[in-house]
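Asks: have a look at this prediction, sequence included:
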Amino acid sequence: MSSGTFRFLLGLMAPILLAGAERNRSWDVLVQSLKTGKSVVVFRMGGGQVEGKLLAIDGNSITVKERGQPQVIPRADVFRVRYANIRRRNTLVGMAIGTAAGAGIFAATSQSRRGAAGAGAMFGVAFGALGGGVVPIGAPLYQAEKPLKPGRRTP
């Protein structure tokens, strides 16, 4: 296996490997690691959430552009931060892998390669989407120590 293939497979497995990772409870680590322009979801202490592009983050607050408007969320009101659209990305990667694998397997095992490759691609895309969609999305980028108010839940 080439090193490029190994890195690609490791990248696909990263969400599964990180699913059991310990949650980051340090705001300072979040400030240092999070890059502006990324799509994030900020879960608030009161149970709501803000999803959009990260505009800024500092020691006191995080600013996210939601529906064209900047939303400034004070640090004390942030319960959890995670990247947005992780499940969609995993599903799309799974679809691509399933399509290629299905086309290759069906073409290699059939006498009518052209028709089999198309059928295999259609078959593989469905299984790839399913497989990618069930991959765990991993630990959040940040989670506060303080629990939410009773009766409130966030993913």
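Replies: Looks like it came in fine. All of these numbers come straight from a predicted model, not from anything done at the bench. Residues are numbered from 1 along each chain as shown.
Asks: CA only for contacts and neighbour counts going forward, please
Replies: Noted.
Asks: next SSE after the lowest-mean-pLDDT helix or strand in the chain?
Replies: Ranked by mean pLDDT, DSSP states H and E, the helix or strand of the chain with the weakest confidence is helix 3-18, at a mean of 52. Of the helices and strands lying after helix 3-18 in sequence (DSSP states H and E), the nearest is helix 27-33.
Asks: against which helices or strands is the helix or strand following that next one packed?
Replies: Under the assignment DSSP H and E, the closest C-terminal helix or strand after helix 27-33 is strand 39-44. The contact analysis (3 or more C-alpha pairs under 8 Å, 6 or more residues apart in numbering; DSSP states H and E) places strand 39-44 against strand 49-57, strand 78-83.
Asks: hmm, try it at 10 Å
Replies: Strand 39-44 sits against strand 49-57, strand 61-66, strand 69-74, strand 78-83, strand 142-143, with contacts defined as 3 or more C-alpha pairs under 10 Å, 6 or more residues apart in numbering; DSSP states H and E.
Asks: now do the domain split for this structure, please.
Replies: Domain assignment of the chain by automatic domain parsing yields the ranges 3-84+138-143, 87-133.
Asks: least reliable of those going by mean pLDDT?
Replies: Per-stretch mean pLDDT for these is lowest at domain 87-133 (a mean of 76).
Asks: what sits closest to T91 if chain neighbours are left out?
Replies: Distance criterion C-alpha to C-alpha, 6 or more residues apart in numbering; nearest residue to T91, sequence neighbours excluded, is G132 at 4.1 Å.
Asks: now do the SS call for that neighbour.
Replies: helix (DSSP: H, G, I helix; E, B strand; the rest coil).
Asks: quick check: it touching L92?
Replies: Yes - judged on C-alpha atoms under 10 Å, G132 makes contact with L92 at a distance of 7.1 Å.
Asks: so these two - more neighbours on which side?
Replies: For G132 versus L92, neighbours defined as other C-alpha atoms under 10 Å are more numerous around G132 (23 against 18).
Asks: for G124, see how far away the more buried one is.
Replies: 12 Å (C-alpha to C-alpha, to the nearest Å).
Asks: just checking, what packs against the lengthiest helix in the chain?
Replies: The longest helix of the chain (DSSP state H) is helix 86-109. Packing partners of helix 86-109 (3+ C-alpha pairs under 10 Å, 6+ apart): helix 3-18, helix 113-133.
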